[in-house]
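Enquirer: Just the structure for this:
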Amino acid sequence: MADGFFGYPFRRLFLSPPVYNEWSGSTALMDWLESPTAHIFKVNVPGFNKEDIKVQVGEGNILHIKGEGGKEESHEKDTVLHVAERGTRKRGFCREIELPEDVKLDQIKAQVENGVLTIVVPKDTNTKQSKVRNINISSKL
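Expert: The predicted structure follows:
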């Protein structure tokens with residue numbers, strides 16, 4: 001029914017899992033790719049080390065990605081800062097993604113390389129019993 005009403009490409013707009021952004025001004029831009037075997041998240045984390053980043057899965061299949069770190073850049077007393085676009089303060093980000101139900105939470109892997117955090121969430125390929133159950137209708141209760 002949802003396919004008929006929403007149809008491609010609109011189905012993905014209304015039925016996709018929510019992605020939450022916290023800490024405005026975040027530089028942690030993200031791509032979410034889906035292959036036949038996994039969900040792959042690529043998050044921009046320039047300047048963050050693996051020690052600065054925490055990846056967790058909480059209740060409700062919520063993937064939490066949090067980064068805190070960086071040192072405040074100091075300047076000499078007689079130096080005047082005219083433009084600060086790169087940011088001179090400590091920085092951080094926080095992203096929360098509601099994962100689909102068909103994932104293997106115990107096999108999630110993450111890696112940071114060249115300022116990109118890659119998180120691979122394998123899909124559970126075992127066919128699960130449908131949650132739809134037919135109810136017989138009788139004329140009397």
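Enquirer: How many residues are close by Ala84?
Expert: For Ala84, the count of nearby residues is 9 (other C-beta atoms under 10 Å). Where you see a C-beta, it was placed from the backbone N, CA and C, and this is true even at glycine.
Enquirer: One more: Lys66?
Expert: Neighbour count of Lys66, defined by other C-beta under 10 Å: 17.
Enquirer: If you count neighbours, what's buried in the helix or strand hosting it?
Expert: Using DSSP states H and E, Lys66 falls within strand 62-69. Within strand 62-69, the residues that count as buried by 16 or more other C-beta atoms under 10 Å are 63, 65-67.
Enquirer: Stretch 46-55 too?
Expert: Quick answer for stretch 46-55 (16+ other C-beta under 10 Å): 48, 52-53, 55.
Enquirer: I'd like to know how far Gln111 sits from His75.
Expert: 34 Å (C-beta to C-beta, to the nearest Å).
Enquirer: Please, where are all the strands along this structure?
Expert: All strands of the chain, identified by DSSP state E, fall at 19-22, 30-34, 38-44, 53-58, 62-69, 91-98, 109-113, 116-122.
Enquirer: gap between the most centrally placed residue in the chain and Arg91?
Expert: Nearest residue to the geometric centre of the chain (C-alpha atoms, centre = their mean): Ile97, 4.1 Å. From Ile97 across to Arg91, the span is 20 Å (C-beta to C-beta).
Enquirer: I'd like the mean pLDDT over the strand holding Lys66, please.
Expert: On average, the pLDDT along strand 62-69 is 89.
Enquirer: What of stretch 32-44?
Expert: Here stretch 32-44 scores 94 as its mean pLDDT.
Enquirer: give the contact list for the closest residue in space to Val45 that isn't next to it in sequence.
Expert: Counting by C-beta to C-beta, 6 or more residues apart in numbering, Val45 lies nearest to Leu117, which is 4.8 Å off, once chain neighbours are set aside. Shown in contact with Leu117 (C-beta atoms under 8 Å, 6 or more residues apart in numbering): 41-45, 48, 53, 55, 65, 110-111.
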